[in-house]
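# Sequence and predicted structure below; questions after.
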Amino acid sequence: MSAPLTVCMFDNERVRGGAEEHMLCLLKGLDRARFRPMLVCPAELLAQLVAELPKDVTTFALELHSHRQVGLMHELAGFLRRQKVQVLHSHGFRPSLLASPVGRWAGVAANVETPHVREYWRKGWKADYRIDRFAGRFVDAYIAVSEANGRYLREEKQLPTLKIKVIRNGSDLSRFVPSPGVSAEAASMRVAAGFGEQDKVLFLAARLEPQKGHAVLLRAMAALREEFPTLRLMALGEGTLRGELEKLTAELGLEGHVKLPGHSPDVERWMAAADLCVLPSFAEGLPLFAIECLAMQRPMVATAVDGTPEIVVDGRTGLTVPPGDVAALAAAIGRLLRDPALAAQLAANGAEWVRKHFTLERQIRETENLYEALYRVRKQRGAAREKV
(Lines give C-alpha, C1' and ligand atoms only; values in the text may rest on other atoms or scores of the structure.)
Protein backbone atom coordinates (compact mmCIF):
# COMPACT_ATOMS: atom_id res chain seq x y z
CA MET A 1 0.00 0.00 0.00
CA SER A 2 1.41 3.42 -0.97
CA ALA A 3 2.01 6.11 1.64
CA PRO A 4 -0.74 8.74 2.13
CA LEU A 5 -0.46 11.91 0.07
CA THR A 6 0.37 14.99 2.14
CA VAL A 7 -2.27 17.67 1.43
CA CYS A 8 -1.91 21.20 2.79
CA MET A 9 -4.76 23.72 2.89
CA PHE A 10 -3.76 27.40 2.63
CA ASP A 11 -6.02 30.32 3.59
CA ASN A 12 -5.36 34.01 4.32
CA GLU A 13 -8.64 34.98 6.00
CA ARG A 14 -8.70 36.11 9.62
CA VAL A 15 -12.44 35.59 10.03
CA ARG A 16 -14.25 32.29 9.78
CA GLY A 17 -16.73 32.13 6.89
CA GLY A 18 -18.17 29.76 4.31
CA ALA A 19 -14.82 29.05 2.62
CA GLU A 20 -13.34 28.19 6.01
CA GLU A 21 -16.23 25.82 6.78
CA HIS A 22 -15.59 24.16 3.40
CA MET A 23 -11.91 23.80 4.24
CA LEU A 24 -12.65 22.47 7.73
CA CYS A 25 -14.96 19.82 6.30
CA LEU A 26 -12.17 18.60 4.02
CA LEU A 27 -9.65 18.51 6.87
CA LYS A 28 -12.07 16.43 8.93
CA GLY A 29 -13.28 14.18 6.15
CA LEU A 30 -10.24 13.23 4.05
CA ASP A 31 -9.55 9.48 4.17
CA ARG A 32 -6.53 9.11 6.49
CA ALA A 33 -5.47 5.92 4.72
CA ARG A 34 -4.97 7.99 1.56
CA PHE A 35 -4.19 11.51 2.82
CA ARG A 36 -2.19 13.31 5.52
CA PRO A 37 -3.87 16.71 6.10
CA MET A 38 -2.24 20.03 7.05
CA LEU A 39 -3.34 23.64 7.42
CA VAL A 40 -1.51 26.96 6.97
CA CYS A 41 -3.51 30.07 7.89
CA PRO A 42 -3.37 33.26 10.01
CA ALA A 43 -3.12 32.79 13.78
CA GLU A 44 -6.49 34.55 14.27
CA LEU A 45 -8.28 32.04 12.05
CA LEU A 46 -6.41 29.10 13.53
CA ALA A 47 -7.63 30.13 16.98
CA GLN A 48 -11.23 30.01 15.71
CA LEU A 49 -10.82 26.57 14.12
CA VAL A 50 -8.51 24.74 16.52
CA ALA A 51 -11.26 23.36 18.76
CA GLU A 52 -12.82 21.58 15.77
CA LEU A 53 -9.66 20.53 13.96
CA PRO A 54 -8.81 16.82 14.17
CA LYS A 55 -5.75 16.26 16.36
CA ASP A 56 -3.78 14.73 13.47
CA VAL A 57 -3.90 17.92 11.37
CA THR A 58 -0.47 19.59 11.34
CA THR A 59 -0.88 23.38 11.54
CA PHE A 60 1.35 26.37 10.80
CA ALA A 61 0.34 29.96 11.59
CA LEU A 62 1.32 32.27 8.73
CA GLU A 63 -0.32 35.26 7.03
CA LEU A 64 0.85 36.16 3.54
CA HIS A 65 -0.59 39.21 1.77
CA SER A 66 2.11 40.46 -0.63
CA HIS A 67 4.90 39.19 -2.85
CA ARG A 68 7.06 41.73 -1.06
CA GLN A 69 6.89 39.56 2.07
CA VAL A 70 9.87 37.54 0.90
CA GLY A 71 10.74 36.30 4.36
CA LEU A 72 7.26 34.86 4.87
CA MET A 73 7.36 33.25 1.44
CA HIS A 74 10.60 31.54 2.45
CA GLU A 75 8.92 30.39 5.67
CA LEU A 76 6.03 28.89 3.71
CA ALA A 77 8.40 27.18 1.27
CA GLY A 78 10.40 25.79 4.17
CA PHE A 79 7.28 24.35 5.79
CA LEU A 80 6.16 22.75 2.52
CA ARG A 81 9.59 21.18 2.01
CA ARG A 82 9.97 19.94 5.60
CA GLN A 83 6.53 18.35 5.55
CA LYS A 84 7.04 16.99 2.01
CA VAL A 85 3.70 18.44 0.90
CA GLN A 86 2.51 16.90 -2.36
CA VAL A 87 -0.75 18.81 -2.90
CA LEU A 88 -1.15 22.49 -1.93
CA HIS A 89 -4.81 23.54 -1.92
CA SER A 90 -5.33 27.33 -1.71
CA HIS A 91 -8.76 28.74 -0.87
CA GLY A 92 -9.45 31.95 -2.78
CA PHE A 93 -7.74 33.69 -5.69
CA ARG A 94 -5.40 35.92 -3.68
CA PRO A 95 -4.12 33.11 -1.41
CA SER A 96 -3.48 31.07 -4.55
CA LEU A 97 -1.76 33.99 -6.30
CA LEU A 98 0.74 34.12 -3.45
CA ALA A 99 1.04 30.48 -2.42
CA SER A 100 0.92 28.56 -5.71
CA PRO A 101 4.25 29.95 -7.03
CA VAL A 102 5.80 29.18 -3.64
CA GLY A 103 4.42 25.66 -3.88
CA ARG A 104 5.97 25.18 -7.31
CA TRP A 105 9.31 26.54 -6.02
CA ALA A 106 9.13 24.22 -3.00
CA GLY A 107 8.60 21.15 -5.17
CA VAL A 108 4.91 20.55 -4.49
CA ALA A 109 3.53 18.08 -7.04
CA ALA A 110 0.15 19.79 -7.58
CA ASN A 111 -1.30 23.23 -6.83
CA VAL A 112 -5.09 23.41 -6.48
CA GLU A 113 -7.19 26.58 -6.19
CA THR A 114 -10.80 26.85 -5.04
CA PRO A 115 -11.94 30.41 -5.89
CA HIS A 116 -15.21 29.93 -3.89
CA VAL A 117 -16.92 33.11 -5.12
CA ARG A 118 -17.33 35.43 -8.10
CA GLU A 119 -15.25 38.54 -7.47
CA TYR A 120 -17.98 41.03 -8.28
CA TRP A 121 -16.09 43.91 -6.65
CA ARG A 122 -13.28 43.96 -9.23
CA LYS A 123 -13.04 47.22 -11.21
CA GLY A 124 -10.78 48.65 -13.91
CA TRP A 125 -7.71 46.67 -14.92
CA LYS A 126 -8.35 44.12 -12.17
CA ALA A 127 -11.57 43.12 -13.95
CA ASP A 128 -9.80 41.93 -17.11
CA TYR A 129 -8.30 38.97 -15.18
CA ARG A 130 -4.90 39.11 -16.87
CA ILE A 131 -3.20 38.51 -13.55
CA ASP A 132 -5.43 35.46 -12.95
CA ARG A 133 -4.42 33.95 -16.28
CA PHE A 134 -0.75 34.70 -15.63
CA ALA A 135 -0.86 33.18 -12.15
CA GLY A 136 -2.72 30.20 -13.60
CA ARG A 137 0.52 28.80 -14.99
CA PHE A 138 1.33 27.80 -11.38
CA VAL A 139 -2.11 26.21 -10.79
CA ASP A 140 -2.77 22.63 -11.88
CA ALA A 141 -6.51 22.56 -11.19
CA TYR A 142 -9.33 24.89 -10.22
CA ILE A 143 -12.23 23.53 -8.19
CA ALA A 144 -15.46 25.32 -9.12
CA VAL A 145 -17.92 24.98 -6.23
CA SER A 146 -20.99 25.27 -8.47
CA GLU A 147 -21.92 25.09 -12.15
CA ALA A 148 -22.23 28.89 -12.12
CA ASN A 149 -18.78 29.20 -10.58
CA GLY A 150 -17.42 26.99 -13.36
CA ARG A 151 -18.97 29.22 -16.03
CA TYR A 152 -17.43 32.28 -14.35
CA LEU A 153 -13.97 30.72 -14.43
CA ARG A 154 -14.31 29.66 -18.07
CA GLU A 155 -16.19 32.56 -19.62
CA GLU A 156 -15.21 35.62 -17.58
CA LYS A 157 -11.76 34.76 -16.27
CA GLN A 158 -11.05 32.71 -19.41
CA LEU A 159 -9.06 30.12 -17.51
CA PRO A 160 -8.18 26.85 -19.28
CA THR A 161 -11.26 24.63 -19.44
CA LEU A 162 -9.18 21.49 -18.91
CA LYS A 163 -8.00 22.80 -15.55
CA ILE A 164 -11.53 23.47 -14.24
CA LYS A 165 -13.30 20.74 -12.27
CA VAL A 166 -16.81 21.34 -10.91
CA ILE A 167 -17.17 19.82 -7.44
CA ARG A 168 -20.30 21.27 -5.90
CA ASN A 169 -20.15 22.11 -2.21
CA GLY A 170 -21.68 19.69 0.22
CA SER A 171 -22.38 19.64 3.94
CA ASP A 172 -22.52 17.09 6.72
CA LEU A 173 -26.29 16.83 6.60
CA SER A 174 -26.41 14.41 9.55
CA ARG A 175 -26.05 17.52 11.75
CA PHE A 176 -29.32 18.93 10.47
CA VAL A 177 -32.43 17.05 11.54
CA PRO A 178 -35.48 18.23 9.56
CA SER A 179 -37.76 20.10 11.94
CA PRO A 180 -40.91 21.58 10.42
CA GLY A 181 -42.30 24.24 12.71
CA VAL A 182 -40.68 25.67 15.84
CA SER A 183 -40.34 23.26 18.79
CA ALA A 184 -40.82 24.19 22.44
CA GLU A 185 -37.05 23.97 22.96
CA ALA A 186 -36.44 26.30 20.03
CA ALA A 187 -39.06 28.73 21.33
CA SER A 188 -37.30 28.84 24.71
CA MET A 189 -34.05 29.68 22.89
CA ARG A 190 -35.77 32.71 21.39
CA VAL A 191 -36.76 33.89 24.86
CA ALA A 192 -33.22 33.42 26.18
CA ALA A 193 -31.98 35.68 23.36
CA GLY A 194 -34.47 38.41 24.26
CA PHE A 195 -37.13 37.58 21.66
CA GLY A 196 -40.73 36.57 22.31
CA GLU A 197 -41.93 32.99 21.76
CA GLN A 198 -44.46 34.19 19.17
CA ASP A 199 -42.12 36.60 17.37
CA LYS A 200 -41.43 36.04 13.67
CA VAL A 201 -37.69 35.29 13.60
CA LEU A 202 -35.44 35.57 10.55
CA PHE A 203 -32.04 33.89 10.65
CA LEU A 204 -28.78 34.57 8.79
CA ALA A 205 -25.29 33.18 9.45
CA ALA A 206 -22.69 35.04 7.37
CA ARG A 207 -19.62 37.24 7.74
CA LEU A 208 -20.45 40.90 8.35
CA GLU A 209 -18.99 41.98 5.01
CA PRO A 210 -20.42 43.94 2.02
CA GLN A 211 -20.77 40.78 -0.09
CA LYS A 212 -23.38 39.32 2.26
CA GLY A 213 -25.98 42.08 1.92
CA HIS A 214 -26.95 42.56 5.58
CA ALA A 215 -27.88 46.21 4.99
CA VAL A 216 -30.40 45.19 2.31
CA LEU A 217 -32.03 42.79 4.76
CA LEU A 218 -32.23 45.44 7.48
CA ARG A 219 -33.98 47.83 5.10
CA ALA A 220 -36.37 45.06 4.02
CA MET A 221 -37.21 44.47 7.68
CA ALA A 222 -37.94 48.16 8.13
CA ALA A 223 -40.32 48.01 5.15
CA LEU A 224 -42.16 45.08 6.76
CA ARG A 225 -42.31 46.49 10.28
CA GLU A 226 -45.84 47.90 10.04
CA GLU A 227 -47.34 44.59 8.86
CA PHE A 228 -45.10 42.41 11.03
CA PRO A 229 -44.28 44.42 14.18
CA THR A 230 -42.80 41.35 15.91
CA LEU A 231 -40.36 40.59 13.09
CA ARG A 232 -36.88 39.86 14.48
CA LEU A 233 -33.45 38.96 13.06
CA MET A 234 -30.69 36.79 14.51
CA ALA A 235 -27.56 37.37 12.40
CA LEU A 236 -24.58 35.26 13.45
CA GLY A 237 -21.12 36.16 12.17
CA GLU A 238 -18.33 38.65 12.56
CA GLY A 239 -16.64 41.09 10.21
CA THR A 240 -15.66 44.62 9.30
CA LEU A 241 -19.20 46.01 8.96
CA ARG A 242 -20.30 45.50 12.57
CA GLY A 243 -20.19 49.21 13.44
CA GLU A 244 -21.97 50.28 10.25
CA LEU A 245 -24.70 47.67 10.69
CA GLU A 246 -25.28 48.62 14.31
CA LYS A 247 -25.58 52.27 13.24
CA LEU A 248 -28.01 51.38 10.44
CA THR A 249 -30.09 49.26 12.82
CA ALA A 250 -30.51 52.30 15.08
CA GLU A 251 -31.28 54.64 12.16
CA LEU A 252 -34.04 52.30 10.94
CA GLY A 253 -35.57 52.03 14.39
CA LEU A 254 -34.81 48.31 14.62
CA GLU A 255 -33.00 48.31 17.95
CA GLY A 256 -34.27 45.35 19.94
CA HIS A 257 -35.38 43.70 16.71
CA VAL A 258 -31.87 42.71 15.54
CA LYS A 259 -29.20 40.66 17.30
CA LEU A 260 -25.57 40.57 16.08
CA PRO A 261 -23.89 38.25 18.61
CA GLY A 262 -20.84 37.40 16.50
CA HIS A 263 -19.70 33.86 15.76
CA SER A 264 -21.64 31.17 17.61
CA PRO A 265 -21.58 27.36 17.70
CA ASP A 266 -25.40 27.38 17.89
CA VAL A 267 -26.04 27.61 14.14
CA GLU A 268 -28.17 24.45 13.98
CA ARG A 269 -30.19 25.45 17.05
CA TRP A 270 -30.92 28.90 15.63
CA MET A 271 -31.98 27.40 12.32
CA ALA A 272 -34.47 25.28 14.23
CA ALA A 273 -35.66 28.36 16.14
CA ALA A 274 -36.21 30.48 13.01
CA ASP A 275 -39.42 30.95 11.06
CA LEU A 276 -37.44 31.82 7.94
CA CYS A 277 -33.80 31.78 6.78
CA VAL A 278 -32.62 34.62 4.55
CA LEU A 279 -29.47 34.98 2.42
CA PRO A 280 -29.32 38.48 0.82
CA SER A 281 -25.82 38.14 -0.73
CA PHE A 282 -24.45 40.02 -3.73
CA ALA A 283 -22.17 37.09 -4.61
CA GLU A 284 -21.80 33.45 -3.59
CA GLY A 285 -20.03 30.37 -4.83
CA LEU A 286 -22.39 27.69 -3.58
CA PRO A 287 -23.54 28.76 -0.09
CA LEU A 288 -23.32 26.13 2.64
CA PHE A 289 -25.75 28.21 4.68
CA ALA A 290 -28.49 27.65 2.10
CA ILE A 291 -27.79 23.91 1.94
CA GLU A 292 -27.92 23.60 5.72
CA CYS A 293 -31.08 25.69 6.17
CA LEU A 294 -32.92 23.53 3.66
CA ALA A 295 -31.53 20.34 5.25
CA MET A 296 -33.10 21.58 8.50
CA GLN A 297 -36.35 22.06 6.51
CA ARG A 298 -36.51 25.80 7.06
CA PRO A 299 -38.25 28.06 4.53
CA MET A 300 -35.67 30.06 2.57
CA VAL A 301 -35.45 33.39 0.74
CA ALA A 302 -32.20 34.14 -1.09
CA THR A 303 -30.77 36.31 -3.83
CA ALA A 304 -30.46 34.72 -7.27
CA VAL A 305 -26.68 35.05 -7.52
CA ASP A 306 -24.10 32.60 -8.84
CA GLY A 307 -24.63 29.07 -7.49
CA THR A 308 -27.42 29.93 -5.03
CA PRO A 309 -30.27 29.12 -7.50
CA GLU A 310 -28.80 25.62 -7.83
CA ILE A 311 -29.88 25.14 -4.19
CA VAL A 312 -32.75 27.60 -3.69
CA VAL A 313 -34.79 26.88 -6.81
CA ASP A 314 -37.34 29.67 -7.11
CA GLY A 315 -40.87 28.46 -6.47
CA ARG A 316 -39.70 24.91 -5.81
CA THR A 317 -37.32 24.85 -2.83
CA GLY A 318 -37.60 28.50 -1.81
CA LEU A 319 -37.94 31.99 -3.21
CA THR A 320 -35.21 34.01 -4.93
CA VAL A 321 -34.96 37.74 -5.61
CA PRO A 322 -32.48 40.04 -7.41
CA PRO A 323 -29.49 41.14 -5.29
CA GLY A 324 -29.74 44.57 -3.71
CA ASP A 325 -33.51 44.84 -4.31
CA VAL A 326 -35.00 45.86 -0.94
CA ALA A 327 -38.61 45.84 -2.18
CA ALA A 328 -38.31 42.37 -3.76
CA LEU A 329 -36.65 40.94 -0.66
CA ALA A 330 -39.34 42.40 1.59
CA ALA A 331 -42.07 41.05 -0.70
CA ALA A 332 -40.64 37.51 -0.68
CA ILE A 333 -40.20 37.46 3.09
CA GLY A 334 -43.71 38.84 3.56
CA ARG A 335 -45.17 36.27 1.16
CA LEU A 336 -43.80 33.32 3.13
CA LEU A 337 -44.78 34.83 6.48
CA ARG A 338 -48.34 35.32 5.22
CA ASP A 339 -48.59 31.85 3.68
CA PRO A 340 -47.29 29.22 6.15
CA ALA A 341 -48.56 26.38 3.93
CA LEU A 342 -46.45 27.57 0.99
CA ALA A 343 -43.46 28.07 3.27
CA ALA A 344 -43.81 24.55 4.65
CA GLN A 345 -44.12 22.97 1.19
CA LEU A 346 -41.06 24.77 -0.17
CA ALA A 347 -39.08 23.80 2.93
CA ALA A 348 -40.06 20.13 2.58
CA ASN A 349 -39.06 20.18 -1.10
CA GLY A 350 -35.78 21.82 -0.14
CA ALA A 351 -34.90 19.20 2.46
CA GLU A 352 -35.39 16.45 -0.11
CA TRP A 353 -33.43 18.36 -2.77
CA VAL A 354 -30.27 19.00 -0.76
CA ARG A 355 -30.13 15.47 0.66
CA LYS A 356 -30.15 14.19 -2.89
CA HIS A 357 -27.61 16.60 -4.42
CA PHE A 358 -25.42 18.26 -1.76
CA THR A 359 -23.92 15.67 0.58
CA LEU A 360 -20.48 16.17 2.07
CA GLU A 361 -19.58 12.55 1.32
CA ARG A 362 -19.89 13.20 -2.41
CA GLN A 363 -17.88 16.42 -2.25
CA ILE A 364 -15.04 14.80 -0.29
CA ARG A 365 -14.93 11.73 -2.54
CA GLU A 366 -14.68 13.85 -5.70
CA THR A 367 -12.00 16.08 -4.14
CA GLU A 368 -9.95 13.06 -3.04
CA ASN A 369 -10.15 11.62 -6.54
CA LEU A 370 -8.94 14.93 -8.01
CA TYR A 371 -5.94 15.09 -5.65
CA GLU A 372 -4.88 11.56 -6.59
CA ALA A 373 -5.41 12.14 -10.32
CA LEU A 374 -3.26 15.29 -10.25
CA TYR A 375 -0.51 13.52 -8.34
CA ARG A 376 -0.55 10.58 -10.78
CA VAL A 377 -0.21 12.94 -13.75
CA ARG A 378 2.75 14.74 -12.18
CA LYS A 379 4.39 11.42 -11.28
CA GLN A 380 3.92 10.10 -14.83
CA ARG A 381 5.40 13.31 -16.29
CA GLY A 382 8.38 12.95 -13.98
CA ALA A 383 8.90 9.35 -15.03
CA ALA A 384 8.69 10.32 -18.71
CA ARG A 385 11.33 13.04 -18.25
CA GLU A 386 13.65 10.55 -16.53
CA LYS A 387 13.39 8.18 -19.52
CA VAL A 388 14.38 11.00 -21.85
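Looks like it came in fine.
# can we go C-alpha only for contacts and neighbour counts from here?
Noted.
# biggest helix in the chain by residues?
helix 360-387 (DSSP state H).
# is it true that Ile36 lies in a strand?
Actually, residue 36 is Arg. It isn't Ile. Yes. Applying DSSP: H, G, I helix; E, B strand; the rest coil, one finds Arg36 inside a strand.
# could you pull out the helices for the stretch 151-300 of the chain?
Here the stretch 151-300 of the chain has its helices, by DSSP state H, counting those that start in this stretch, at 184-192, 214-224, 242-251, 267-273, 288-295.
# looking at those, which is closest to Val139?
With respect to Val139, and counting by Cα to Cα, the nearest of those is helix 288-295 at 25.1 Å.
# Excluding its own residues, what touches the next helix or strand after the closest one? List them.
Downstream of helix 288-295, the first helix or strand assigned by DSSP states H and E is strand 300-303. With contacts defined as Cα atoms under 8 Å, 6 or more residues apart in numbering, strand 300-303 is touched by 276-282, 290, 293-294, 308, 312, 317-323, 329, 332-333, 347.
# now do stretch 59-78
Contacts for stretch 59-78 (Cα under 8 Å, 6+ apart): 12, 38-43, 46, 94-95, 98-99, 102-103, 105-106.
# out of the helices of the stretch 151-300 of the chain, nearest to Met23?
Taking these one by one with Cα to Cα, helix 288-295 is closest: 11.8 Å.
# what's the spacing between that closest one and its chain's center?
With Cα atoms, centre = their mean, to the nearest Å as the basis, helix 288-295 stands 11 Å off its chain's centre.
# Ok, stretch 277-291 next?
8 Å.
# avg pLDDT for it?
Averaging pLDDT along stretch 277-291 gives 94.
# what's the answer for stretch 327-342, then?
For stretch 327-342, the per-residue pLDDT averages 98.
# again, but for stretch 87-98
95.
# Check which helices and strands the helix or strand of the chain with the lowest mean pLDDT sits against.
One helix or strand of the chain scores below all others by mean pLDDT, DSSP states H and E: helix 184-192, with a mean of 81. Packed against helix 184-192 by the contact rule (3 or more Cα pairs under 8 Å, 6 or more residues apart in numbering; DSSP states H and E) you find helix 267-273.
# one step back: for the least confident helix or strand of the chain, the distance to its chain's centre please.
28 Å.
# Could you do stretch 339-351 as well?
Counting by Cα atoms, centre = their mean, stretch 339-351 comes out at 24 Å from the chain centroid.
# just stretch 110-125 next, same as before
On Cα atoms, centre = their mean, the centre of stretch 110-125 falls 14 Å from that of its chain.
# For the chain, which segments count as strands?
5-10, 35-41, 58-61, 87-91, 110-114, 141-144, 164-166, 200-205, 231-236, 258-262, 276-279, 300-303, 319-321 (DSSP state E).
# What about Phe228, how many residues nearby?
Using other Cα atoms under 10 Å, the number of residues around Phe228 comes to 16.
# now do Gly213
Neighbours of Gly213 using other Cα under 10 Å come to 20.
# repeat for the one 5 residues further on
Other residues within reach of Leu218, judged by other Cα under 10 Å, total 21.
# Quick check: phi and psi at Asn12.
phi -110, psi 0 (degrees, to the nearest 10).
# In this structure it contacts Glu44, no?
No. Using Cα atoms under 8 Å, Asn12 makes no contact with Glu44, being 10.0 Å away.
# of the two, who's got more company?
Asn12 (22 against 15).
# So for the more buried one, what's the pLDDT?
Among the per-residue scores, Asn12 shows a pLDDT of 93.
# show me what contacts the closest residue to Ala3 other than its chain neighbours?
Distance criterion Cα to Cα, 6 or more residues apart in numbering; nearest residue to Ala3, sequence neighbours excluded, is Arg34 at 7.2 Å. The contact partners of Arg34, by Cα under 8 Å, 6+ apart, come to 3-5.
# can you count the residues close to Thr320?
Look at Thr320: counted by other Cα under 10 Å, it has 24 neighbours.
# And for the one 4 residues further on?
Using other Cα under 10 Å, Gly324 is surrounded by 17 other residues.
# distance of the nearest residue to it once chain neighbours are set aside from Asp199?
Nearest residue to Gly324, sequence neighbours excluded (Cα to Cα, 6+ apart): Val216, at 6.1 Å. According to Cα to Cα, to the nearest Å, Val216 stands 21 Å off from Asp199.
# rewinding a little: is it true that the residue nearest to Gly324 touches Ala330?
No. Assessed by Cα under 8 Å, Val216 is found out of contact with Ala330, at 9.4 Å.
# what does the domain assignment say about this protein?
5-170+360-387, 173-357 (automatic domain parsing).
# Return the most buried member of the ones you listed.
domain 173-357 (a mean of 20; mean count of other Cα atoms under 10 Å).
# and that domain, how far apart are its ends?
So domain 173-357: terminal residues 11 Å apart, Cα to Cα.
# ditto for stretch 49-56
14 Å.
# Same question for stretch 266-277.
Start-to-end, stretch 266-277 (Cα to Cα) is 15 Å.
# any low-confidence regions in the stretch 251-388 of the chain?
When residues are selected by pLDDT under 70, those of the stretch 251-388 of the chain lie in 382-388.
# Apologies, that question was intended for the stretch 101-250 of the chain.
If you take pLDDT under 70 as the line, the stretch 101-250 of the chain has no such spans.
# how far away is Gly170 from Arg362?
7 Å.
# Kindly apply the preceding question to Val305 instead.
Taking Cα to Cα, one finds Val305 at 23 Å from Arg362.
# One more: Val301?
To Arg362, Val301 is 26 Å away according to Cα to Cα.
# try Leu224
For Leu224 relative to Arg362 (Cα to Cα), the value is 40 Å.
# same thing with Glu238?
For Glu238, the distance to Arg362 - Cα to Cα - is 30 Å.
# Equivalent analysis for His22, please.
Taking Cα to Cα, one finds His22 at 13 Å from Arg362.
# ok, now Gly92?
21 Å.
# what's the answer for Met271, then?
Going from Met271 to Arg362 by Cα to Cα gives 24 Å.
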